[in-house]
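Novice: make a model of this:
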Amino acid sequence: MAHPRILGAAPPPAGGIDLDLPGQEIKLAATRWPGRAPGDGGTPIVLLHGLASQRRYWNLVVTRLAGLPMLAIDQRGHGDSARPDDGYDSSTVAADLATALDAVGWSRAVVVGHSWGGSVAATFAAEHPERALALVAIDGGFSSPPAEFDRAAALKRMEPPQIAAPPEQLIAMISSRTPAAEWSDEVAAAVLPIFAVGDDGLARARLPFATHMNIAGTLLDYDASDTLRRVRCPAWLVSCEAVGGDDDWSKRKAEALGRLADVVARPRLLRWGGAVHDVPLQWPDLVAGLIRAAVADAARAGGDGGRHA
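Specialist: The predicted structure is shown next:
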């Protein structure tokens, strides 16, 4: 079978360098921006995408963080990384990150995660505390299912649409729903690598359905309070909510965030009214500013970024 054509495939922006890194007995695809050395204000930053996404998702943000050393990773099962049958629990995926950081020579970093990536980032900060200078979790990583919930029904709600469509039709559908101000080549390059075109000429999600649901199950097992209680670095936790925050989903997220005020050792709790879940596409300047704030916060806390290859 021919190698599938990745939609929107393009070189990384802002001088990024694509490379392969080791995870826990698997290969991870990544993009690295060398940036400044630690002594010159270069605190390393790791960017972790959400479920069913990939590392190019951060394209709009990294172009606004010029000069900072950054690493965006395709987490296991996603993008150009290996797709093992198992190992999708947060601890194993966080251990992938620790191994990848060793490979690039970074002892510590500011760890940024979006959605599922926020859970992985929080787990990394909790289980590898000596390596996390700061945690940034954007619309993920700070909530858990209620004590009593219907697991089967929850998993059913988390099933992704199994799209198989001509590329032009798929692109038209995605572009009509993008949260960015307008569809552009920059937005397309960040979003479309989620999909690939098969031998039949139809575009589908690159993340296999079974893997998607495997990870969905780990999210239902994620204990936000227990994880974040063990995080010792500054923790920037962001809830993206509807304007006014009076819908049920926004209220649940706001309540989850509020419960962490006395749980997290060094909380920085933010509620962004009017932000959509994919806020790195909607408001990349704001997200980049948040990351710069976390970097400055880490520096004030005495983090120098460790060694930097």
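
Novice: what about the strands in the chain?
Specialist: Taking DSSP state E, the strands of the chain run over residues 5-6, 17-22, 27-33, 45-48, 70-73, 109-114, 132-138, 195-197, 203-205, 235-241, 267-273.

Novice: who wins for proximity to residue 248 among the ones you listed?
Specialist: strand 235-241 (11.2 Å; C-beta to C-beta). All C-beta atoms are positioned from the backbone trio N, CA, C, and that covers glycine.

Novice: okay, that closest one in PDB with CA atoms only?
Specialist: C-alpha atoms of strand 235-241 as PDB (Å, rounded to 0.1, in the frame of the first residue of the first chain):
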ATOM      1  CA  ALA A 235       0.800  25.800  37.700                       C
ATOM      2  CA  TRP A 236      -1.000  28.000  35.100                       C
ATOM      3  CA  LEU A 237      -4.400  26.400  34.600                       C
ATOM      4  CA  VAL A 238      -6.800  27.900  32.000                       C
ATOM      5  CA  SER A 239     -10.500  27.300  31.500                       C
ATOM      6  CA  CYS A 240     -11.900  28.300  28.200                       C
ATOM      7  CA  GLU A 241     -15.500  29.300  28.600                       C
END
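
Novice: thinking again about what came up before, put together a markdown table for the strands of the chain, with mean neighbour count, distance to residue 215 and mean pLDDT on each row.
Specialist: Putting the strands of the chain into a markdown table (neighbours: other C-beta atoms under 10 Å; distance: least, C-beta to C-beta, whole Å; pLDDT from 0 to 100) gives the following:
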| stretch | mean neighbour count | distance to residue 215 | mean pLDDT |
| --- | --- | --- | --- |
| strand 5-6 | 16 | 21 | 95 |
| strand 17-22 | 14 | 20 | 98 |
| strand 27-33 | 21 | 16 | 98 |
| strand 45-48 | 29 | 13 | 98 |
| strand 70-73 | 27 | 15 | 98 |
| strand 109-114 | 29 | 13 | 98 |
| strand 132-138 | 29 | 16 | 98 |
| strand 195-197 | 20 | 18 | 98 |
| strand 203-205 | 21 | 13 | 98 |
| strand 235-241 | 25 | 20 | 97 |
| strand 267-273 | 16 | 25 | 97 |
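
Novice: now the ones you listed in a markdown table, with distance to residue 102?
Specialist: Conversion of the strands of the chain to a markdown table gives the following (distance: least, C-beta to C-beta, whole Å):
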| stretch | distance to residue 102 |
| --- | --- |
| strand 5-6 | 28 |
| strand 17-22 | 8 |
| strand 27-33 | 12 |
| strand 45-48 | 13 |
| strand 70-73 | 12 |
| strand 109-114 | 12 |
| strand 132-138 | 14 |
| strand 195-197 | 30 |
| strand 203-205 | 31 |
| strand 235-241 | 23 |
| strand 267-273 | 28 |
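
Novice: contacting residues for the closest residue to residue 215 other than its chain neighbours?
Specialist: Counting by C-beta to C-beta, 6 or more residues apart in numbering, residue 215 lies nearest to residue 88, which is 4.9 Å off, once chain neighbours are set aside. Residue 88 makes contacts with 76, 77, 211, 214, 215, 218, as judged by C-beta atoms under 8 Å, 6 or more residues apart in numbering.

Novice: list phi and psi for residue 88.
Specialist: Main-chain torsions, residue 88, degrees, to the nearest 10: phi -100, psi 10.

Novice: got the confidence number for it?
Specialist: With respect to pLDDT, residue 88 has a value of 98.

Novice: against residue 125, how distant is it?
Specialist: 19 Å (C-beta to C-beta, to the nearest Å).
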